[in-house]
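Asker: just coords:
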Ligand SMILES: NC(=O)CCC(=O)C(=O)O
C-alpha cells in the first residue's frame, strides 16, 4: 500500500487559499500513484478558532465534495485531514475519509480537545470511534493530541485496526514528543503509524512539520523536514504478521491484571 502525505503550509482562516493549495498538491501526489493521500488537521482554516462562525464547513459538505471529486477522478482514497465541521449547534474537529468512489465513508471527531490551543473554548469533542475499512484493511484515525492517550489507540487496535492515521497541527517546541509518541504508538501496537503534520506558522505557533510514516517495528519509513512538502512511502502489510509472531505482545497481554 502506497501512502502520500501532504504536509501543507495552511493559510490562517482562509479556506479559499487552502482548497486551492491542497488541490495543487493532490494533483502532484496522484502522479506517484498512491493508494491513499492524506492532509493535516484543520487544514481549511488552521487554528483561527475565533472566526469559525464564518469559516467552518457546514456539515463538512464542501470538503466532502472537494475531496470526493478528486478521489473519484483519480481512484484514490483521500483522508481529508480534519476540518472544522459546523452542525446545528456546535463545531467539531472532524476527520473525513473519502473512498475511491468519492464517497465519505467515515467522519471521526477529535475526542481529546487540546486546551493549550483553546480547542475547549471553541469546539465540541466527539464520542465515537475512529475505525474504518481501507481497501479491506482495518484502519483507524486519531487527531493530533489524541496520540497522548494510549488507551484510546489500543482500544482501536484491539478492535482490529492495523493502520493508524494521524492528521495533526503539532507545534515545533514539542517536536521530540511528537516523534517519541508516534514511534511508541507504532511499537506498542505493532501497527503502522501514518502521521501528517502541517508546515509553517500561525499568529501563535510555529509548527513542527516532520510528518512520519512508521512501521510496526518502529522503523521510520519516511520523515519530512519542516517545510511544506509531499511525503510518500510504501507499506509492507505482511510485516505486521511477521512482527506479531516474533514478539507476540497480543497473546502475552494479561488483561485480567489491568
Ligand atoms: N493540535 C493539537 O492537538 C496539538 C497537540 C499538541 O501540540 C500536544 O503537545 O499534544
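Answerer: Cool, got the structure. Owing to the predicted nature of the structure, the values given are computational and were not obtained by experimental measurement.
Asker: alpha carbons only for contacts and neighbour counts from here, please
Answerer: Will do.
Asker: ranges for the helices of the protein?
Answerer: In the chain, the helices defined using DSSP state H lie at 15-30, 52-55, 61-74, 119-122, 150-158, 175-189, 238-246, 249-252.
Asker: which secondary structure elements does the second one contact?
Answerer: In this structure, helix 52-55 makes packing contacts with no helix or strand, judged by 3 or more C-alpha pairs under 8 Å, 6 or more residues apart in numbering; DSSP states H and E.
Asker: what are the contacting residues of that helix?
Answerer: Outside helix 52-55, the residues within contact range by C-alpha atoms under 8 Å, 6 or more residues apart in numbering are 13-15, 45, 84.
Asker: likewise for the fifth one?
Answerer: The contact list for helix 150-158 (C-alpha under 8 Å, 6+ apart) reads 129-131, 140, 142, 146-147, 185, 189.
Asker: and that helix, how far out from the chain's middle?
Answerer: Relative to its parent chain, helix 150-158 has a centroid offset of 16 Å by C-alpha atoms, centre = their mean, to the nearest Å.
Asker: that helix to helix 175-189, inter-axis angle?
Answerer: Counting by axes from the mean of the first three to the mean of the last three C-alpha atoms, to 10 degrees, helix 150-158 lies at 40 degrees to helix 175-189.
Asker: closest point of the chain to the ligand, which residue?
Answerer: residue 145 (3.7 Å; C-alpha to the nearest ligand atom).
Asker: coming back round to it: so which of the helices of the chain comes closest to residue 40?
Answerer: Between residue 40 and the helices of the chain, the shortest gap by C-alpha to C-alpha is with helix 15-30, which sits at 10.2 Å.
Asker: helices or strands next to that closest one in the packing?
Answerer: Counting contacts by 3+ C-alpha pairs under 8 Å, 6+ apart, helix 15-30 packs against strand 2-7.
Asker: next, the angle from the strand it packs on to helix 15-30.
Answerer: Orientation check (the same axes, to 10 degrees): strand 2-7 against helix 15-30 gives 150 degrees.
Asker: and the contacts of helix 150-158 as CSV, adding neighbour count and pLDDT?
Answerer: Formatted as CSV, those follow (neighbours: other C-alpha atoms under 10 Å; pLDDT from 0 to 100):
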residue, neighbour count, pLDDT
129, 19, 98
130, 23, 98
131, 21, 98
140, 24, 98
142, 27, 98
146, 19, 98
147, 19, 98
185, 23, 98
189, 26, 98
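Asker: which of those residues sits closest to residue 8?
Answerer: Lowest distance from residue 8 to the contacts of helix 150-158 (C-alpha to C-alpha) belongs to residue 142, with 18.2 Å.
Asker: return the residues of the chain in contact with the ligand.
Answerer: Residues of the chain lying near the ligand by C-alpha under 6 Å from any ligand atom: 114, 144-145, 168-171, 174.
Asker: 8 Å instead, please
Answerer: 41, 112-114, 116-117, 143-148, 168-171, 174, 177-178 (C-alpha under 8 Å from any ligand atom).
Asker: run a quick neighbour tally on residue 238.
Answerer: Using other C-alpha atoms under 10 Å, residue 238 has 8 other residues around it.
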